[in-house]
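the following comprises the amino acid sequence and a computationally predicted model.
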Amino acid sequence: MRMLWNIFFLSLFALVTFFGLGPVLMADGVPKERFFTAAIVVIIYILLSILYKKIVFRK
C-alpha cells in the first residue's frame with residue numbers, strides 16, 4: 001500500500017511541477033503575475049509535502 005501512495009504523490013508532484021512551473025518560467029505577462037503564480041506553486045508544494053508526510057509516514 002505504501003508503494004501506491006508513493007506513486008500517487010510522485011505523480012502529483014510531477015503534475016504540479018509541469019503545470020505550475022511551466023507558466024512561471026514561460027509566461028509573457030507582467031512580473032507580478034509570475035510571482036503570484038510562483039507563490040501559489042510553492043504553497044501547493046508545501047501542502048503536498050505535509051500531506052505526504054502525514055499519510056506515508058504515519059504509525
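Happy to help now that I have it. Numbers count the residues shown, from 1 in each chain.

elements contacting the least confident helix or strand in the chain by mean pLDDT?
Taking mean pLDDT, DSSP states H and E as the measure, the helix or strand of the chain with the lowest value is helix 22-26, at a mean of 80. Other helices and strands packing on helix 22-26, by 3 or more CB pairs under 8 Å, 6 or more residues apart in numbering; DSSP states H and E, are helix 31-56. In short, each C-beta sits where N, CA and C put it, glycine included.

buried ones in the helix it packs on?
By 16 or more other CB atoms under 10 Å, the buried positions in helix 31-56 come out as Arg34, Thr37, Ala38, Val41, Tyr52.

which other helices and strands contact the helix or strand in which Phe9 is found?
Assessed by DSSP states H and E, Phe9 sits inside helix 2-16. Helix 2-16 is packed against helix 31-56, with contacts defined by 3+ CB pairs under 8 Å, 6+ apart.

per-residue pLDDT, Lys59?
Here, the pLDDT recorded for Lys59 equals 61.

repeat that for Met1.
84.

how about Arg58, secondary structure?
Three-state call for Arg58 (DSSP: H, G, I helix; E, B strand; the rest coil): coil.

that one and Gly29, how far apart?
Distance, Arg58 to Gly29, by CB to CB, to the nearest Å: 41 Å.

between those two, point out the one with more neighbours.
Between Arg58 and Gly29, counted using other CB atoms under 10 Å, Gly29 has the larger neighbour count: 10 against 6.

who's in contact with the more buried one?
For Gly29, the contact set (CB atoms under 8 Å, 6 or more residues apart in numbering) is empty.

element containing it, please.
For Gly29, there is no host helix or strand (DSSP H and E).

mind listing what's buried in the least confident helix or strand of the chain?
Within helix 22-26, the residues that qualify as buried by neighbour count (16+ other CB under 10 Å) are Val24.

without its sequence neighbours, what residue ends up closest to Tyr45?
Val16 (6.5 Å; CB to CB, 6 or more residues apart in numbering).

wait, the one you found touches Ile44, no?
Yes - contact criterion CB atoms under 8 Å: Val16 and Ile44 qualify, at 5.4 Å.

rewinding a little: what number of residues lie near the residue nearest to Tyr45?
Using other CB under 10 Å, the number of residues around Val16 comes to 15.

alright, that wraps it up for me.
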